[in-house]
Each structure stands twice: as structure tokens, then as C-alpha cells.
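In: Dropping the sequence and predicted coords here.
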Amino acid sequence: MNAQEIAIKSVEKFGSQRKAALRSGVSQAAISDIISGKITDVKTSTITKLKNSLKQKAEQRSEERRVGKECRSRWS
């Protein structure tokens, strides 16, 4: 996956460029430029930050689902 695909996936996952920027620590302008193709030579650290934010979001969701299942099973 290239930087542009990762940035697009990050924005889709978080709902906006602003939220993706806040979660990843990458500036909103950088995310915008990566998506539009203005920046093609993206630093490895930027790509790593975007990937890590996606991973954390997935882990957070899994934990929320696990806890929800536990609560529902206790109530029934």
C-alpha cells in the first residue's frame, strides 16, 4: 500500500482529514497533499504514523466489541 492509499484509508476510517490528522499526528495539510498527489515523496515516519493510527483504531474497536458482547451475555 502506498502513502496515498494509506492516507485515503485513514480519512475514511476517521471520517475527516481533520480527525485523521489529530489521531495520527500528521498535519491536515500533509494528509491533503498526499491524497491529492501534490506530495509523492513521503517520509517513512509519516507513513508509519498513519499506519499506527489505523492499527490503534482497529484495536480500540475490537476491545469495544468484546466488552459489548460480555455485557450482553451477562444481561441475558
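Out: Structure received.
In: tell me which strands and helices the lowest-mean-pLDDT helix or strand in the chain is in contact with?
Out: Across the helices and strands of the chain, mean pLDDT, DSSP states H and E gives its lowest value to helix 44-75, namely a mean of 82. With contacts taken as 3 or more C-beta pairs under 8 Å, 6 or more residues apart in numbering; DSSP states H and E, helix 44-75 sits against helix 3-14, helix 17-24, helix 28-36. Just so you know, the C-beta spots here come from the backbone N, C-alpha and C atoms, and that holds for glycine as well.
In: so the longest one versus helix 28-36, what angle?
Out: Pointing back at helix 3-14 there. Regarding helix 3-14 and helix 28-36, their directions subtend 120 degrees when assessed with axes from the mean of the first three to the mean of the last three C-alpha atoms, to 10 degrees.
In: What of the shortest one?
Out: With the same axes, to 10 degrees as the criterion, the two stretches helix 17-24 and helix 28-36 enclose an angle of 110 degrees.
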